[in-house]
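Asks: I'll drop the sequence and a predicted model, then ask my questions.
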Amino acid sequence: MTSTTDARRIVIIGAGISGLAAGYRLARRAPQHSILLIDSHAEVGGKIRTRHLNGYTIEDGPDSFLGTKPQAVELAHELGVPLQGVNLDTRRTYVLGDGELHDLPEGLSGLVPAKLGPLLRSALLSPAGKARVAAEWFVPRGSNEETTLGAFMRRRMGREVYEKLVEPLTAGIYGGNGDEISLSATFPQLLQLEQEHGSLLRGLRQRPRPRTATSPFLTPVAGTAALAGAVAGSLPRPPSLTTCATAISRRGGGWIVHTDRGEILADGVILAVPAPVAGQLLAPVDADLAAELLAVRYAPAATASLGFRLDKLPPLGPFHGYLVPRRERSPVMAVTWSSEKFDHRAPPGQTLLRVFFGRADQSIAAMEWEGLEELARSELRERLGIAATPDIVATHVWNDALPQYALGHAARVARIRARVENLPRLSLAGAAYRGVGIPDCIQSGYDAADHVT
Ligand SMILES: Cc1cc2nc3c(=O)[nH]c(=O)nc-3n(C[C@H](O)[C@H](O)[C@H](O)COP(=O)(O)OP(=O)(O)OC[C@H]3O[C@@H](n4cnc5c(N)ncnc54)[C@H](O)[C@@H]3O)c2cc1C
């Protein structure tokens, strides 16, 4: 237990959910320290961004988080933030295949079609593609060499199911190209299944999955920003916004955080900014560490949320949305019917849809960000027959949406960690290292806080 005599000044750079979680942990576990949270933006939350417009609740970034990882749910409960699950009675989801919408086959266990029955009945795959999935039982174990998710899943289950099903599911989480992201850094459990059972299908059959009638995805009733706002509101001192860190340097046993508003002296620093920003800030302190951080690439993404009068829509069965595989060659990755998926997203008589754009290897120019509204409207027109003029359109472009866990990512993170160990009371938090989801980011904030105290 630290005594009140070693009260320290800790500066947290970045008030996204990772930095907020770090501040929350410090305030609870080490209240004797003075915590200053700074962010270059005018609002807290970072990628968590909810807008309330004309009665709509619009998410520019994440719309929910996984409830099977405890961190976000527990944080919301501790702060009294009411949560809701997805509407289970409208939970039909489609995947686009050769221009047609197909039901997402039931029985997916993460990325793996664990139940063959629904897959065999689906028209998504050709007979040869289905046979190849079933043959996964007999595919021998691979080597221990690090591989990409795409290469692994093609080898185990075949090209067709990878391209038509696994790839769009992956893109929904990492936004990137499955042929570039590291299997061990993103889905190590698949590797483990293969190593332990010799087959993913066999392994999943032997590991009974808990049957649950509750939603695996949860979100604050008022939108995801309610969680970020509640964390910020719980801190002993309000975050210092529109304060941009420009560099960090050492001073005696502590640190100076240089900002566009002046210098801040600190005993400890948590960098909860995207990895390349952390790299720039740390360049004067450790050039090798900076180079490792600058090498973490990010994929861009954008969202367009469109609100309509319900009576202007053609008859559409209730569903949550659809995924668009890369092989369909569209800048659209997914469409979510936000007000069917969650309650409280549109005013009475109105409805809200969200089009999600992004592929890591397509340049922003090629994606015609300026034309997002038109691209979104043509997607809804072509795929769902929605020709009505929307009452409201809200677009947002994220140039650094999601860090890409490329081959070698886990080793890079280990090297980063080793170098950070040499820097007294300095730690890193955020989506760039060990998980991009909100619960992972919260955990990274907690770990970073524990490290500087
Ligand atoms: C479109 C989209 C959809 C997503 N969907 C989901 C989802 O449904 N579920 C889920 O769990 N996850 C989702 N994610 C991922 C998740 O939202 C992010 O990984 C997470 O919010 C990142 O949090 P962070 O605090 O690590 O980083 P960020 O949110 O990026 O926060 C970093 C903060 O640092 C600040 N900053 C940057 N530079 C400086 C500087 N020089 N000085 C001071 N401050 C600085 C920024 O302003 C920002 O506030 C999604 C992400 C995106 C982009």
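Replies: Okay, I see it.

Asks: can you give me the end-to-end distance of stretch 141-161?
Replies: Chord length of stretch 141-161, first to last residue, is 19 Å (Cα to Cα, to the nearest Å).

Asks: in that stretch, what's buried?
Replies: 146-150, 152-158, 160-161 (16 or more other Cβ atoms under 10 Å). Placement of C-beta: from N, CA and C, glycine included.

Asks: do stretch 324-343 as well
Replies: Neighbour-count burial for stretch 324-343, counted by 16+ other Cβ under 10 Å, picks out 324-328, 330-342.

Asks: tell me which parts of this structure are close to the ligand?
Replies: Contact residues, the chain versus the ligand (Cβ under 6 Å from any ligand atom): 13-19, 38-41, 46-48, 61-65, 244-245, 272-274, 277, 301, 303, 398, 401-402, 430-431, 436-438, 441.

Asks: so which of those belong to helices?
Replies: 17-19, 277, 431, 438, 441 (DSSP state H).

Asks: coming back round to it: export the buried residues of stretch 141-161 to a markdown table and tack on distance to residue 291?
Replies: Formatted as a markdown table, these follow (distance: Cβ to Cβ, whole Å):
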| residue | distance to residue 291 |
| --- | --- |
| 146 | 21 |
| 147 | 25 |
| 148 | 23 |
| 149 | 26 |
| 150 | 27 |
| 152 | 29 |
| 153 | 31 |
| 154 | 32 |
| 155 | 33 |
| 156 | 35 |
| 157 | 37 |
| 158 | 39 |
| 160 | 40 |
| 161 | 38 |
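
Asks: with those in mind, which one is nearest to residue 353?
Replies: Set against residue 353, the nearest of the buried residues of stretch 141-161 by Cβ to Cβ is residue 161 (27.7 Å).

Asks: which secondary structure element contains the residue nearest to the closest one when sequence neighbours are not counted?
Replies: Distance criterion Cβ to Cβ, 6 or more residues apart in numbering; nearest residue to residue 161, sequence neighbours excluded, is residue 133 at 5.1 Å. Here residue 133 sits within helix 127-134, counting by DSSP states H and E.

Asks: just checking, what packs against whichever helix or strand comes after that helix?
Replies: Next helix or strand after helix 127-134 toward the C-terminus (DSSP H and E): helix 149-157. Judged by 3 or more Cβ pairs under 8 Å, 6 or more residues apart in numbering; DSSP states H and E, helix 149-157 is in contact with helix 183-186, helix 188-197.

Asks: let me have those in CSV, extended by mean neighbour count and mean pLDDT.
Replies: Converted to CSV, these look like this (neighbours: other Cβ atoms under 10 Å; pLDDT from 0 to 100):
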stretch, mean neighbour count, mean pLDDT
helix 183-186, 22, 94
helix 188-197, 16, 93
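
Asks: can you say which of those is nearest to residue 139?
Replies: Nearest of those to residue 139, taken as Cβ to Cβ: helix 188-197 at 8.8 Å.

Asks: what's that closest one in contact with?
Replies: Contact with helix 188-197 is made by 110-112, 141-142, 152-153, 156, 183-184, 199-200, 203-204, 206, as judged by Cβ atoms under 8 Å, 6 or more residues apart in numbering.

Asks: gap between it and the chain center?
Replies: 23 Å (Cα atoms, centre = their mean, to the nearest Å).

Asks: on the C-terminal side of it, identify the next helix or strand.
Replies: Going down the chain from helix 188-197, the next helix or strand is helix 200-206, by DSSP H and E.

Asks: chain neighbours aside, what residue packs nearest to residue 345?
Replies: residue 339 (4.1 Å).

Asks: thinking that neighbour is in contact with residue 349, fair?
Replies: No. Counting by Cβ atoms under 8 Å, residue 339 sits too far from residue 349 to count as a contact (11.0 Å).

Asks: OK, contacts around the nearest residue to residue 134 once chain neighbours are set aside?
Replies: Excluding its sequence neighbours, the residue lying closest to residue 134 (Cβ to Cβ, 6+ apart) is residue 116, at 5.8 Å. Residue 116 is in contact with 130, 133-134, 201, counting by Cβ under 8 Å, 6+ apart.

Asks: so where's the stretch 101-250 of the chain uncertain?
Replies: The model of the stretch 101-250 of the chain has pLDDT under 70 over residues 208-213.

Asks: which residue would be the closest one in it to the ligand?
Replies: Using Cβ to the nearest ligand atom, the point where the stretch 101-250 of the chain gets nearest to the ligand is residue 245, with a distance of 3.8 Å.

Asks: so what's that residue up against?
Replies: 13, 38, 40, 257-259, 273, 281.

Asks: what do you get for residue 38?
Replies: Residue 38 is in contact with 11-15, 239-241, 243, 245, 257, 259, 264, counting by Cβ under 8 Å, 6+ apart.

Asks: by neighbour count, which of the residues you listed wins?
Replies: residue 12 (33 neighbours; other Cβ atoms under 10 Å).

Asks: that one against residue 33, yeah?
Replies: No. The pair residue 12 / residue 33 is not scored as a contact, 11.0 Å apart, by Cβ under 8 Å.

Asks: anything in contact with each of those two?
Replies: residue 26.

Asks: for residue 31, which non-adjacent residue is closest in space?
Replies: Excluding the flanking residues, the one nearest residue 31 by Cβ to Cβ, 6+ apart is residue 236, at 7.4 Å.
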